[in-house]
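Undergrad: Sharing a model prediction with you, sequence too.
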Amino acid sequence: MKSRLFNELRAAELFGGWLKTTSELEVKAMMARSAHEEVVHAGLLSTRIRELGADPFVYHPLPAQRSMFNALEGISGTCERLAGVSMAGEGVANHLIKKCLAAPSVPDWIKAPYKRIRADEEGHGSGPQEILELHATSPERQDATRRACGHAFSVVTGVSRKPEPMGFRRSGLVTTGQGLSKTTFLLDVNVDGPRHVMVDATIRLRDIKTS
């Protein structure tokens, strides 16, 4: 729980730190809401930890955990940040929370704050996806977006899972709708070792029309 608290606080710092270098108003607003939400989640976790008789801020994160956020913090570009953090990074985190809530071995007193966090994350809907479709409209930006998503998956799953070798696959699927081509990229990451439970992040990007 202290580890998750650390992650929530670092995520808030990450989103907040990007506000100054984000020019798109709708993205700036989304990042501001995300930063606030992460702080609210940190408050839920810290309260629960105190109720259990511990100091929530006496925690020494592993070097890999610190490095994960340092690496994510270095992502530049609106689309790259949304794909790498709002979609890939949070996708893995939500998957792990879902597993925690479904596990009979996890006691209810641990699950309580995560139920609220899970509900908030599910309420985000398709916001990041819609912004990607709006702004990732050049081949260069689309390629950078895909690379950022793959990079974030590699970094986050390297911290969030057991140290066995990780399966990684990227595939492309082209569909057409309303005269505008869209490309769907699936990045499947094995976060459960031999059980092969996959986390999928789907990015739909508008293709550039060519004459």
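TA: Okay, I see it. Numbers count the residues shown, from 1 in each chain.
Undergrad: Strands along this structure, start to end?
TA: 168-177, 180-190, 198-206 (DSSP state E).
Undergrad: Low-confidence stretches in this protein?
TA: 123-126, 158-211 (pLDDT under 70).
Undergrad: biggest helix in it by residues?
TA: helix 25-51 (DSSP state H).
Undergrad: got a list of what residue 6 touches?
TA: 59, 61, 65 (Cβ atoms under 8 Å, 6 or more residues apart in numbering). Where you see a C-beta, it was placed from the backbone N, CA and C, and this is true even at glycine.
Undergrad: what's near enough to touch the second one?
TA: Same thing as residue 61. 3, 6 are the contacts of residue 61 under Cβ under 8 Å, 6+ apart.
Undergrad: and the longest helix of the chain, how far from the chain's centre?
TA: Remark: helix 25-51 is offset 14 Å from the chain centroid, using Cα atoms, centre = their mean, to the nearest Å.
Undergrad: how about it: buried residues?
TA: 27-28, 30-31, 34-35, 37-39, 41-42, 44-46, 48-49 (16 or more other Cβ atoms under 10 Å).
Undergrad: next one: stretch 2-22
TA: 2, 4-12, 14-16, 18, 22.
Undergrad: same thing with stretch 54-74?
TA: Result for stretch 54-74 [16+ other Cβ under 10 Å]: buried residues 56, 61, 65, 68-69, 71-72.
Undergrad: would you turn the residues you listed into CSV with distance to residue 145?
TA: Below are the buried residues of stretch 54-74 laid out as CSV (distance: Cβ to Cβ, whole Å):
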residue, distance to residue 145
56, 35
61, 28
65, 25
68, 20
69, 20
71, 17
72, 15
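Undergrad: if we take those, which one ends up nearest to residue 104?
TA: residue 56 (26.2 Å; Cβ to Cβ).
Undergrad: Give me the distance between the closest one and residue 42.
TA: Going from residue 56 to residue 42 by Cβ to Cβ, to the nearest Å gives 9 Å.
Undergrad: re earlier: of the contacts of residue 6, just say which sits nearest to residue 110.
TA: Relative to residue 110, the closest of the contacts of residue 6 is residue 59; by Cβ to Cβ it sits at 16.0 Å.
Undergrad: And for the closest one, nearest residue in space, chain neighbours not counted?
TA: Nearest residue to residue 59, sequence neighbours excluded (Cβ to Cβ, 6 or more residues apart in numbering): residue 2, at 4.1 Å.
Undergrad: which ones are touching that neighbour?
TA: For residue 2, the contacting residues are 49, 54, 56, 58-59, by Cβ under 8 Å, 6+ apart.
Undergrad: from those, which ones fall inside helices?
TA: Checked against DSSP H, the contacts of residue 2 include these in helices: residue 49.
Undergrad: show me the contacts for the residue lying closest to residue 115 once chain neighbours are set aside.
TA: Excluding the flanking residues, the one nearest residue 115 by Cβ to Cβ, 6+ apart is residue 101, at 6.5 Å. Counting by Cβ under 8 Å, 6+ apart, residue 101 touches 111, 114-115, 118.
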